[in-house]
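K.L.:
take a look and give me a structure for this.
(chains A, B, C and D)
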There are 2 protein chains.
Amino acid sequence: MSVQDKKLKHKEDFRIKILSAAKKLFVEEGIEATSIRKIAKEVGISPTTIYLYYKDKQDIVYALHLEGCSLLRTQMQALMHVDHPFERLKAIGKAYLSFAVNESGYYELLFVMKEPMQFLADRGEGSVWEEGDRVFEMLIATIKDCQQEGFFVGMDTQTLSLQAWSTVHGIASLFLSGHLEKLNNLLFSEASKAEFLERTFQLYVSMLETIK
Amino acid sequence: MSVQDKKLKHKEDFRIKILSAAKKLFVEEGIEATSIRKIAKEVGISPTTIYLYYKDKQDIVYALHLEGCSLLRTQMQALMHVDHPFERLKAIGKAYLSFAVNESGYYELLFVMKEPMQFLADRGEGSVWEEGDRVFEMLIATIKDCQQEGFFVGMDTQTLSLQAWSTVHGIASLFLSGHLEKLNNLLFSEASKAEFLERTFQLYVSMLETIK
DNA sequence: TTAAAAATATTAACAGTGTTAATTATCTTT
DNA sequence: AAAGATAATTAACACTGTTAATATTTTTAA
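P.N.:
Residues are numbered from 1 along each chain as shown, chains lettered A, B, ... in the order given. From the prediction side, this is the model:
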């Protein structure tokens, strides 16, 4: 291994070290409470050393967001084998909601926080959220398959996909932000907390089945 | 006017002064960039003086959120006279989306940020988001009216209401967070930006019409 | 092997943040 | 006018992200 390769490896190793420290902290204490200084302490280096491996904090946040993206994509990819497209669509929706609940930190990073999108915007006007695109692509493909099987005939695929995403994102984000909990009209007990996502999702599914 | 009344008035005047300074800053520079120190400078007082009138920053954020709530409620209230309940439902949905676009700062304060809900949670476990409740109540009432007119027969009113809210919130929040913009699959031009909200909303409306 | 050069890491520092304690100024009451 | 209560301020703490200057280590060249 040449010296140059060693350097690159060292650089990559450190990037990973920093990132996993960041992830550990942000899982344990939340994304807001995760500072550069705490990450540095976790890795055992000086705070400024981090800037040799990441441009700034947004860069770290973006890198973390990429990890979340690939995790979600992996989970959804496992469902792409489901034969019947409408069943697959339902499975994807459920998986998305599960991801929101079980990986709430990642979910906020991917779909709620502005930072990752701002990072892309800073990178240039025409920059694209490729990792998000890949995930969304699976939804589009599934809905296209549905249409070929006679579902949603004559409807615009893109609008349909965006609407499906909006629906699950809407309920997931209201849930995670704590808004549902504080709404008296929904006076739900601890037990039925997660059930609320399920019920709303099921209603949407039944609406999709009706319009067929 | 007694001395005690004068004191109360002075206190209330100052609370309003601080709040409108906060609102001005957060409209001009965004909510993130609005600090206690900047608010104080805007009012022309010392930063610590603010703590004589508001418990902490979260308290100010919550007060600001209340103003946003009443603004949204006012706008929606103006639609409650629409006779046909389904037409009213559509009008409410449009008004909600308009609020999200035209009062994006308030929208984030009301439905995206965790702080106001955290403020309630800190106030006690059984605390309720009354102002939000009042807005949501209008949606529930409208959907109930729809059901009495033969729409959505046999469906759960609460779930239906929550699902309607989720749908519009989903598209609004994805739009405001910048996620839609960076999605290549949606490659939308500047002109069609707002159109995306409209299209997705219309699709939902047509779905509601279909299930009738 | 040693001296120069380059890469890497650290400390010090800046300009901010929210917030509290101690101190000063102002107003109210006796 | 003096005493007491209220209001407002300054000073300070413990943080934040980030940059410049300095020190250390590693690599290259003589």
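K.L.:
could you look up the SS state of the residue of chain A found nearest chain B?
P.N.:
Going by CB to the nearest CB, chain B is nearest to residue A:170 of chain A, at 2.8 Å. Any C-beta I mention is one placed from the backbone N, CA and C, and that applies to glycine too. Of the three states, residue A:170 takes helix under DSSP: H, G, I helix; E, B strand; the rest coil.
K.L.:
can I assume it is in contact with residue B:173?
P.N.:
Yes - between residue A:170 and residue B:173 there is a contact under CB atoms under 8 Å: 7.3 Å.
K.L.:
other SSEs contacting the longest helix that chain A contains?
P.N.:
Of all segments of type helix in chain A, defined using DSSP state H, the longest is helix A:3-28. Counting by 3 or more CB pairs under 8 Å, 6 or more residues apart in numbering or on different chains; DSSP states H and E, the packing neighbours recorded for helix A:3-28 are helix A:36-43, helix A:57-77.
K.L.:
as JSON lines, the ones you listed with mean pLDDT, distance to DNA strand D and mean neighbour count would be great.
P.N.:
Compiled in JSON lines, these are given as follows (pLDDT from 0 to 100; distance: least, CB to the nearest atom of the strand, whole Å; neighbours: other CB atoms under 10 Å in any protein chain shown):
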{"stretch": "helix A:36-43", "mean pLDDT": "98", "distance to DNA strand D": "4", "mean neighbour count": "17"}
{"stretch": "helix A:57-77", "mean pLDDT": "98", "distance to DNA strand D": "3", "mean neighbour count": "18"}
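K.L.:
quick check: angle from the worst-scoring helix or strand of chain A on mean pLDDT to helix A:57-77?
P.N.:
Lowest mean confidence among the helices and strands of chain A (mean pLDDT, DSSP states H and E): helix A:3-28, at a mean of 86. Counting by axes from the mean of the first three to the mean of the last three CA atoms, to 10 degrees, helix A:3-28 lies at 80 degrees to helix A:57-77.
K.L.:
report the inter-axis angle for helix A:3-28 versus helix A:36-43.
P.N.:
On the basis of the same axes, to 10 degrees, helix A:3-28 is oriented at 110 degrees to helix A:36-43.
K.L.:
buried residues in helix A:3-28?
P.N.:
By 16 or more other CB atoms under 10 Å in any protein chain shown, the buried positions in helix A:3-28 come out as A:14-15, A:17-19, A:21-23, A:25-26.
K.L.:
tell me the one of the residues you listed nearest DNA strand C?
P.N.:
The shortest approach to DNA strand C among the buried residues of helix A:3-28 belongs to residue A:14, at 6.2 Å (CB to the nearest atom of the strand).
K.L.:
residues contacting the closest one?
P.N.:
Taking CB atoms under 8 Å, 6 or more residues apart in numbering or on different chains, we find residue A:14 in contact with residue A:53.
K.L.:
cool, residue A:22 as well?
P.N.:
So residue A:22 contacts A:34, A:39, A:60, A:64 (CB under 8 Å, 6+ apart).
K.L.:
got the buried residues for stretch A:176-195?
P.N.:
For stretch A:176-195, by 16+ other CB under 10 Å, it's A:176-183, A:185-186, A:188.
K.L.:
residues in contact with that stretch?
P.N.:
With CB under 8 Å, 6+ apart as the test, stretch A:176-195 has contacts from A:100-101, A:104, A:107-108, A:112, A:174, A:196, B:111-114, B:117-118, B:120-121, B:127-130, B:132-133, B:136-137, B:140, B:158, B:161-162.
K.L.:
who has more neighbours, residue A:170 and residue B:173?
P.N.:
residue A:170 (26 against 23; other CB atoms under 10 Å in any protein chain shown).
K.L.:
just to revisit the earlier point, looking at the helices and strands packed on helix A:3-28, which is nearest to DNA strand C?
P.N.:
Among the helices and strands packed on helix A:3-28, helix A:36-43 comes nearest to DNA strand C, with 7.4 Å by CB to the nearest atom of the strand.
K.L.:
tell me the helices and strands packed up against the closest one.
P.N.:
Helix A:36-43 packs on helix A:3-28, helix A:57-77, going by 3+ CB pairs under 8 Å, 6+ apart.
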